[in-house]
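**Student:** sequence first, then the predicted structure:
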Amino acid sequence: MTIRFEQEAAQDAATCPVCDAPIPDMRQALVENHHGQLLAFDRQECLKDFLEDPERYLLALDEEEE
Ligand SMILES: [Zn+2]
C-alpha cells in the first residue's frame, strides 16, 4: 500500500517552480502551458511571478532535471 502510494505520487508529483512548494492535487493547481511545457503553480501569486520572469524559473528547473 505504501509502495502504491509512492508510485502514484511520483506520477503526479509536481512542485511550484517559483516557491518550490509541493502541489498535492493537480486539479487545484494553476497550470500554465509555457511553449508546450506544462507547469503547475500553487498560487496565483506564483504564476504571476513566473510570468514576469519565466526564464529565471525555467533555468532552475533544468538544473534539477540534470
Ligand atoms: Zn508557489
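**Tutor:** Noted; the coordinates are in hand.
**Student:** touching the ion at all, the helix or strand where residue 48 lies?
**Tutor:** Assigned by DSSP states H and E, residue 48 falls within helix 44-52. Yes. For helix 44-52, a contact with the ion is found by Cβ under 5 Å from the ion, at residue 46. Where C-beta positions appear, they are placed from N, C-alpha and C, glycine not excepted.
**Student:** where along this structure do the helices fall?
**Tutor:** 2-12, 44-52, 54-65 (DSSP state H).
**Student:** I'd say residue 18 and residue 54 touch.
**Tutor:** No. Between residue 18 and residue 54 there is no contact under Cβ atoms under 8 Å: 10.3 Å.
**Student:** neighbour count: these two, which is higher?
**Tutor:** residue 18 (20 against 16; other Cβ atoms under 10 Å).
**Student:** who's in contact with the closest residue in space to that one that isn't next to it in sequence?
**Tutor:** Closest residue in space to residue 18, ignoring its immediate chain neighbours: residue 46 at 3.9 Å, by Cβ to Cβ, 6 or more residues apart in numbering. Neighbouring residues of residue 46 by Cβ atoms under 8 Å, 6 or more residues apart in numbering: 16-19, 30.
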